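Student: what shape does this take:
(one chain, ligands or ions: 1)
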Amino acid sequence: MWDPAVYRRFGAERSRPFFDLVRQIGAEHPRAVVDLGCGPGELTRTLAERWPRARITGIDSSPEMIGKAAADPGPVDFRLGDIAGWQPEPDVDVVVTNAALQWVPGHREMLVRWVTELPSGAWIGMQVPGNFDSPGHRAVRELGAAPRYAERLDGLLRADPVDDAAGYAELLTGAGAAVDAWETTYLHLLPASPAGEDHPVLRWMEGTALRPVRAALDEEDWVAFRAELAIRIAETHPERHGVVAFPFRRIFVVASK
Ligand SMILES: C[S@@+](CC[C@H](N)C(=O)[O-])C[C@H]1O[C@@H](n2cnc3c(N)ncnc32)[C@H](O)[C@@H]1O
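Tutor: Numbers count the residues shown, from 1 in each chain. Alright, predicted model coming up:
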């Protein structure tokens with residue numbers, strides 16, 4: 001289950017890649033724009049400012065996220081739906097998908113299918129995190145392999161759910177698209193938490209990567225897992241001068257046909 005309030009912690013840091021992505025999409029007058037895995041909707045609504053004449057749709061499989069988005073939809077039509085089953089309508093000229101495809105197995109094949117099915121002149125802009133080898137993710141996988149948790153977390157903690165920029169570029173040029181692909185490591189300087197409060201990197205990870213762990217464990221094991229993870233994260237991400245440096249690599253691909 002996604003919790004929009006927990007996800008929106010660190011909203012400024014999380015939204016920056018979205019704007020860095022959308023800026024590179026060259027569509028001028030798209031008829032319809034779709035945001036796949038739109039989350040709580042604030043970022044999707046900004047697409048209506050960029051393309052005021054377009055029909056904008058946000059799609060997400062989480063009822064909690066769509067509930068939050070649809071509470072204040074603005075000019076956007078928010079719908080519950082699974083990216084894996086999404087088929088482009090004939091007038092979709094722009095597909096945006098930000099920080100969502102890492103959750104969708106088989107998304108490489110889907111990207112190729114979209115290139116084939118979208119109309120001529122259409123654009124796809126996608127961004128996925130490329131930090132699955134970071135100390136925080138490694139710590140989650142190492143802890144998750146401990147006998148206490150391993151059976152319930154088996155298959156949930158993927159080491160490699162995304163490609164790098166070169167991999168997506170090869171995939172999509174092979175499908176006939178023109179591609180602009182790049183990687184950026186943002187250095188988020190997160191304010192250190194006051195004594196007695198949770199480490200900011202742990203709070204960040206609770207909004208995303210730790211969700212499946214939380215859902216799979218009972219309360220007692222989740223509390224133990226979280227406490228062990230907190231110790232490791234404090235070691236790998238120490239506080240200096242009131243901030244915690246949190247490098248976050250992201251992979252961007254803009255494809256047009
Ligand atoms: C990290 S959030 C990103 C939200 C938003 N795009 C943003 O940039 O803030 C990932 C979103 O993808 C959605 N998601 C994950 N798997 C999905 C799927 N198969 N179909 C639709 N949405 C999915 C989640 O529900 C969640 O809202």
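Student: which other helices and strands contact the host helix or strand of Thr44?
Tutor: Counting by DSSP states H and E, the element that carries Thr44 is helix 42-50. The contact analysis (3 or more C-beta pairs under 8 Å, 6 or more residues apart in numbering; DSSP states H and E) places helix 42-50 against helix 11-22, strand 32-36, strand 55-60, strand 76-80. In short, each C-beta sits where N, CA and C put it, glycine included.
Student: what count of nearby residues applies to the residue in the chain that the ligand sits nearest to?
Tutor: Here the chain gets closest to the ligand at one residue, Gly39, 2.5 Å apart by C-beta to the nearest ligand atom. Gly39 has 25 neighbours, counted by other C-beta atoms under 10 Å.
Student: got phi/psi on it?
Tutor: Dihedral pair for Gly39: phi 70, psi -140, per degrees, to the nearest 10.
Student: which of the residues in the helix holding Thr44 are buried?
Tutor: For helix 42-50, a neighbour-count test (16 or more other C-beta atoms under 10 Å) marks 42-48, 50 as buried.
Student: from those, which is closest to Pro119?
Tutor: Leu47 (18.1 Å; C-beta to C-beta).
Student: which residue packs closest to the residue of the chain closest to the ligand, ignoring adjacent ones?
Tutor: Met65 (5.2 Å; C-beta to C-beta, 6 or more residues apart in numbering).
Student: and the strand or helix carrying the one you found, average pLDDT?
Tutor: Per DSSP H and E: Met65 is located in helix 63-70. Computed over helix 63-70, the mean pLDDT rounds to 96.
Student: likewise stretch 154-168?
Tutor: Stretch 154-168 carries an average pLDDT of 93.
Student: same deal with stretch 125-138?
Tutor: Per-residue scores along stretch 125-138 average to 96.
Student: how about the residues of the stretch 1-150 of the chain that lie near the ligand?
Tutor: Taking C-beta under 6 Å from any ligand atom as the contact definition, the stretch 1-150 of the chain meets the ligand at 2, 14, 18, 37-39, 43, 60-62, 65, 82-84, 98-100, 103-104.
Student: meant to ask about the stretch 151-257 of the chain, not that
Tutor: Thr208.
Student: tell me which residues in the longest helix seen in the chain are buried?
Tutor: Assignment by DSSP state H gives helix 219-236 as the longest helix of the chain. Buried residues in helix 219-236, defined by neighbour count with 16+ other C-beta under 10 Å: 222, 225-226, 228-229, 232-233.
Student: also stretch 3-20?
Tutor: 3-4, 7, 10, 14-15, 17-18, 20.
Student: save these as CSV, and put in distance to Ala32 and pLDDT too.
Tutor: Output for the buried residues of stretch 3-20, formatted as CSV (distance: C-beta to C-beta, whole Å; pLDDT from 0 to 100):
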residue, distance to Ala32, pLDDT
Asp3, 30, 78
Pro4, 25, 79
Tyr7, 26, 73
Phe10, 31, 88
Arg14, 25, 91
Ser15, 23, 95
Pro17, 23, 97
Phe18, 19, 98
Asp20, 23, 98
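Student: fine by me, we can end here.
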